[in-house]
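K.L.:
just to be clear, the model below is a prediction. Sequence and coordinates:
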2 protein chains.
Amino acid sequence: MGNLYRFVEPVLLFLLKRKGHSYGYELSGQLTEFALTDAEIEAAALYRTLRQLEKNGFVRSEWDSGHGGPARRLYMLTEQGEEHLDEWLAVLDHMSKSMAHFVDVARVALVEPETHEEVVAVTGGLG
Amino acid sequence: MGNLYRFVEPVLLFLLKRKGHSYGYELSGQLTEFALTDAEIEAAALYRTLRQLEKNGFVRSEWDSGHGGPARRLYMLTEQGEEHLDEWLAVLDHMSKSMAHFVDVARVALVEPETHEEVVAVTGGLG
DNA sequence: TTCGTTAGATGCAACTTGCACCTAGGTGTC
DNA sequence: GACACCTAGGTGCAAGTTGCATCTAACGAA
């Protein structure tokens, strides 16, 4: 589960899925739009993540130079990459729900410290 | 934002808030119950996180040896720690929502690839 | 005295990250 | 031509983080 921290990986996989194919420099612009945290994504991290994804077989790439400007490394999802995105979505879905639940339980404990025990008992632990 | 990765920090802060005070070994048992990911928490990570929290002024500790067995380092939240927990809850709340939204948008793109452009346009980007 | 449990901690290799920097193709302009 | 700037993809390195193994030590039970 590389790069869980900033969630660069799933967003890259999704962007590639949506666009069909793209390259690092272009993806770096769209990452901000879909970033899951406020933390900025370093270009270095982006390029390294793409190479890592390729090394793991989730994307493949080819050079594209017919457009003016320096050559681009065009990335696209592999079949494994689609499955990996699917797995990521399951993980993020689960995390999202656990997180929301945690926030609920913790907020109750903060606002009404004298009644939190009962509330935790009613709502149960995290999923 | 240390230890965002496993979310050890906010859960520790919450557990201390709820119990009033506790120590590493005891906390390690409850961490699993409230863990936000399936990844297991190393005891080493737990102890190091507690020391880091103390270094940053979010918790304070004192030795407790009146109980049989080796002395425990009893931790409790500081006022700064309560504020920090509050900030964490805001961050997690935001992340949780962004994540849920991302999963929604991405799932639509996966299931109905031919219509995803319109759906993305309707639902907008992430929060 | 030896073993198991509780409790806290460290050493180290491997990995990740952020920052600075580099290479290189192309365009505009003086 | 000389230069600045934009696009595009990277690398080097110091600093930080993590996981695993290991260590110390107090106490109770056999």
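P.N.:
Thanks, I have the structure now. Numbers count the residues shown, from 1 in each chain, chains lettered A, B, ... in the order given.

K.L.:
quick one: the longest helix along chain A to chain centroid distance?
P.N.:
In chain A, assigned by DSSP state H, the helix with the most residues is helix A:79-111. Mean C-alpha position of helix A:79-111 versus that of the full chain (C-alpha atoms, centre = their mean, to the nearest Å) differs by 12 Å.

K.L.:
do stretch A:53-66 as well
P.N.:
Using C-alpha atoms, centre = their mean, the offset of stretch A:53-66 from its chain centre is 19 Å.

K.L.:
contacts for it?
P.N.:
Residues outside stretch A:53-66 that contact it (C-beta atoms under 8 Å, 6 or more residues apart in numbering or on different chains) are A:9, A:12-13, A:16, A:23, A:50, A:71-78, A:80-81, A:84. Placement of C-beta: from N, CA and C, glycine included.

K.L.:
for it, measure first residue to last.
P.N.:
Stretch A:53-66 has its terminal residues 25 Å apart, counting by C-alpha to C-alpha, to the nearest Å.

K.L.:
do you know how far the closest residue in space to A:Thr78 that isn't next to it in sequence is from DNA strand D?
P.N.:
Of all residues not flanking A:Thr78 in the chain, A:Arg60 sits nearest, at 5.6 Å (C-beta to C-beta, 6 or more residues apart in numbering or on different chains). Per C-beta to the nearest atom of the strand, to the nearest Å, A:Arg60 is found 13 Å from DNA strand D.

K.L.:
what about A:Arg60, how many neighbours?
P.N.:
Around A:Arg60 there are 15 other residues, counting by other C-beta atoms under 10 Å in any protein chain shown.

K.L.:
what is the rounded mean pLDDT of the helix or strand that contains it?
P.N.:
In this structure, A:Arg60 sits in strand A:59-64 according to DSSP states H and E. For strand A:59-64, the mean pLDDT works out to 95.

K.L.:
would you mind getting the angle between the helix or strand that that strand is followed by and strand A:59-64?
P.N.:
Going down the chain from strand A:59-64, the next helix or strand is strand A:72-77, by DSSP H and E. Angle between the axes of strand A:72-77 and strand A:59-64 is 150 degrees (criterion: axes from the mean of the first three to the mean of the last three C-alpha atoms, to 10 degrees).

K.L.:
mind listing what's buried in strand A:72-77?
P.N.:
The neighbour-count check on strand A:72-77 (16 or more other C-beta atoms under 10 Å in any protein chain shown) flags A:72, A:74-75, A:77 as buried.
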